[in-house]
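> just coords:
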(Lines give C-alpha, C1' and ligand atoms only; values in the text may rest on other atoms or scores of the structure.)
Protein backbone atom coordinates (compact mmCIF):
# COMPACT_ATOMS: atom_id res chain seq x y z
CA UNK A 1 0.00 0.00 0.00
CA UNK A 2 1.17 3.46 -0.75
CA UNK A 3 1.40 6.24 1.82
CA UNK A 4 -1.32 8.19 0.00
CA UNK A 5 -3.75 5.28 0.17
CA UNK A 6 -3.08 4.76 3.89
CA UNK A 7 -3.67 8.46 4.52
CA UNK A 8 -6.99 8.43 2.64
CA UNK A 9 -8.05 5.26 4.47
CA UNK A 10 -7.21 6.87 7.85
CA UNK A 11 -9.14 10.04 6.95
CA UNK A 12 -12.20 8.03 5.86
CA UNK A 13 -12.15 6.01 9.10
CA UNK A 14 -11.86 9.20 11.15
CA UNK A 15 -14.75 10.81 9.25
CA UNK A 16 -16.96 7.77 9.79
CA UNK A 17 -16.06 7.78 13.49
CA UNK A 18 -16.96 11.47 13.83
CA UNK A 19 -20.27 10.99 12.00
CA UNK A 20 -21.21 8.11 14.30
CA UNK A 21 -20.24 10.14 17.37
CA UNK A 22 -22.31 13.09 16.13
CA UNK A 23 -25.38 10.90 15.58
CA UNK A 24 -25.07 9.35 19.05
CA UNK A 25 -24.64 12.80 20.61
CA UNK A 26 -27.71 14.16 18.80
CA UNK A 27 -29.79 11.18 19.93
CA UNK A 28 -28.72 11.57 23.56
CA UNK A 29 -29.24 15.32 23.42
CA UNK A 30 -32.81 15.04 22.07
CA UNK A 31 -33.58 12.34 24.64
CA UNK A 32 -32.34 14.61 27.43
CA UNK A 33 -34.37 17.56 26.10
CA UNK A 34 -37.50 15.40 25.86
CA UNK A 35 -37.08 14.05 29.40
CA UNK A 36 -36.57 17.56 30.76
CA UNK A 37 -39.62 18.92 28.96
CA UNK A 38 -42.05 16.24 30.07
CA UNK A 39 -41.10 16.91 33.70
CA UNK A 40 -43.65 19.72 33.59
CA UNK A 41 -46.40 17.15 32.95
CA UNK A 42 -47.85 14.85 35.60
CA UNK A 43 -46.90 11.28 34.67
CA UNK A 44 -49.68 8.71 34.98
CA UNK A 45 -50.36 5.24 33.63
CA UNK A 46 -53.18 3.74 31.57
CA UNK A 47 -55.06 2.71 34.71
CA UNK A 48 -56.18 6.34 34.97
CA UNK A 49 -58.05 6.08 31.67
CA UNK A 50 -59.57 2.77 32.62
CA UNK A 51 -60.73 3.73 36.10
CA UNK A 52 -60.71 7.37 37.11
CA UNK A 53 -60.70 10.05 34.44
CA UNK A 54 -63.06 12.19 36.52
CA UNK A 55 -60.11 13.10 38.71
CA UNK A 56 -58.48 14.67 35.64
CA UNK A 57 -61.55 16.45 34.28
CA UNK A 58 -60.84 19.39 31.94
CA UNK A 59 -57.20 18.40 31.60
CA UNK A 60 -55.24 17.17 28.63
CA UNK A 61 -53.41 13.89 28.16
CA UNK A 62 -50.22 13.89 26.15
CA UNK A 63 -49.61 10.41 24.69
CA UNK A 64 -45.96 10.16 23.71
CA UNK A 65 -42.90 7.96 23.71
CA UNK A 66 -39.38 8.75 24.77
CA UNK A 67 -37.96 7.27 21.56
CA UNK A 68 -40.50 8.90 19.19
CA UNK A 69 -38.78 11.32 16.79
CA UNK A 70 -41.94 13.42 16.30
CA UNK A 71 -42.43 13.63 20.06
CA UNK A 72 -38.87 14.81 20.56
CA UNK A 73 -39.07 17.25 17.69
CA UNK A 74 -42.27 18.94 18.91
CA UNK A 75 -42.08 18.70 22.69
CA UNK A 76 -40.43 22.07 23.35
CA UNK A 77 -43.06 23.97 21.39
CA UNK A 78 -45.85 21.95 23.01
CA UNK A 79 -44.54 22.63 26.51
CA UNK A 80 -44.16 26.34 25.74
CA UNK A 81 -47.75 26.49 24.50
CA UNK A 82 -49.02 24.61 27.55
CA UNK A 83 -47.21 26.99 29.90
CA UNK A 84 -48.26 30.12 27.98
CA UNK A 85 -51.92 29.05 28.15
CA UNK A 86 -51.90 27.62 31.69
CA UNK A 87 -53.08 24.21 30.53
CA UNK A 88 -52.91 21.18 32.80
CA UNK A 89 -51.44 18.17 31.07
CA UNK A 90 -50.88 14.62 32.20
CA UNK A 91 -48.42 12.39 30.38
CA UNK A 92 -48.58 8.75 29.35
CA UNK A 93 -45.54 7.07 27.80
CA UNK A 94 -47.01 4.42 25.51
CA UNK A 95 -43.81 2.34 25.35
CA UNK A 96 -43.55 2.12 29.12
CA UNK A 97 -47.24 1.29 29.35
CA UNK A 98 -46.85 -1.50 26.78
CA UNK A 99 -44.13 -2.99 28.97
CA UNK A 100 -46.17 -2.53 32.14
CA UNK A 101 -49.59 -3.73 30.91
CA UNK A 102 -49.76 -4.45 27.19
CA UNK A 103 -53.30 -5.86 27.32
CA UNK A 104 -54.79 -2.71 28.87
CA UNK A 105 -52.66 -0.41 26.72
CA UNK A 106 -53.70 -2.15 23.49
CA UNK A 107 -57.34 -2.04 24.58
CA UNK A 108 -57.21 1.72 25.16
CA UNK A 109 -55.19 2.38 21.99
CA UNK A 110 -57.82 0.50 19.96
CA UNK A 111 -60.81 1.97 21.80
CA UNK A 112 -59.67 5.58 21.37
CA UNK A 113 -57.80 5.06 18.09
CA UNK A 114 -54.49 6.39 19.37
CA UNK A 115 -52.44 5.41 16.36
CA UNK A 116 -49.79 8.13 16.27
CA UNK A 117 -47.55 9.89 18.72
CA UNK A 118 -47.59 12.49 19.93
CA UNK A 119 -51.33 12.70 20.48
CA UNK A 120 -53.09 15.20 22.69
CA UNK A 121 -56.46 14.29 24.20
CA UNK A 122 -58.97 16.29 26.21
CA UNK A 123 -60.89 14.95 29.21
CA UNK A 124 -64.48 16.16 29.66
CA UNK A 125 -66.90 14.77 32.24
CA UNK A 126 -64.59 11.85 32.93
CA UNK A 127 -64.20 10.79 29.28
CA UNK A 128 -61.70 11.30 26.51
CA UNK A 129 -63.76 13.46 24.20
CA UNK A 130 -61.29 14.79 21.69
CA UNK A 131 -58.00 13.63 20.23
CA UNK A 132 -55.53 15.61 18.16
CA UNK A 133 -52.59 13.96 16.45
CA UNK A 134 -51.28 17.07 14.72
CA UNK A 135 -49.58 18.93 17.53
CA UNK A 136 -46.53 19.84 15.51
CA UNK A 137 -46.86 23.57 16.10
CA UNK A 138 -48.39 26.12 18.43
CA UNK A 139 -50.89 26.91 15.67
CA UNK A 140 -52.13 23.32 15.44
CA UNK A 141 -52.53 23.12 19.23
CA UNK A 142 -54.30 26.48 19.17
CA UNK A 143 -56.73 25.17 16.53
CA UNK A 144 -57.38 22.16 18.74
CA UNK A 145 -58.21 24.48 21.66
CA UNK A 146 -60.52 26.55 19.46
CA UNK A 147 -62.46 23.41 18.56
CA UNK A 148 -62.84 22.67 22.26
CA UNK A 149 -63.99 26.22 22.97
CA UNK A 150 -66.60 25.80 20.24
CA UNK A 151 -67.70 22.67 22.10
CA UNK A 152 -66.63 20.44 19.24
CA UNK A 153 -66.00 17.32 21.29
CA UNK A 154 -66.10 14.88 18.42
CA UNK A 155 -63.74 12.03 19.10
CA UNK A 156 -61.33 11.03 16.33
CA UNK A 157 -62.33 13.27 13.46
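Structure's in. What do you need? Note that the structure is a prediction, hence the values are computed from the model and not measured. Numbers count the residues shown, from 1 in each chain.

> Tell me the helices and strands packed up against whichever helix in the chain runs longest.
Counting by DSSP state H, the longest helix found in the chain is helix 3-38. Counting contacts by 3 or more CB pairs under 8 Å, 6 or more residues apart in numbering; DSSP states H and E, helix 3-38 packs against helix 69-84. The C-beta positions use only the backbone N, C-alpha and C, and glycine is treated the same way.

> circling back: which elements pack onto the helix or strand just after the longest helix of the chain?
Downstream of helix 3-38, the next assigned helix or strand under DSSP states H and E is strand 42-43. When contacts are defined as 3+ CB pairs under 8 Å, 6+ apart, strand 42-43 packs onto strand 89-93.

> Show me which positions of the very next helix or strand once past the strand it packs on end up buried.
Counting by DSSP H and E, the next helix or strand C-terminal to strand 89-93 is helix 94-112. Neighbour counts over helix 94-112 (16 or more other CB atoms under 10 Å) mark 94, 97-98, 101, 104-105, 108-109, 112 as buried.

> same question, stretch 3-21
By neighbour count on 16+ other CB under 10 Å, the buried set for stretch 3-21 is empty.

> Ok, stretch 120-132 next?
Quick answer for stretch 120-132 (16+ other CB under 10 Å): 120-123, 127-132.

> which stretches of the protein have low pLDDT?
Along the chain, the model assigns pLDDT under 70 to residues 1, 22-31, 152-157.

> As a quick check, tell me the outermost residue of it.
residue 2 (52.4 Å; CA atoms, centre = their mean).

> tell me the centre residue of this protein?
Note: the chain centre (CA atoms, centre = their mean) maps to residue 64, 3.0 Å.
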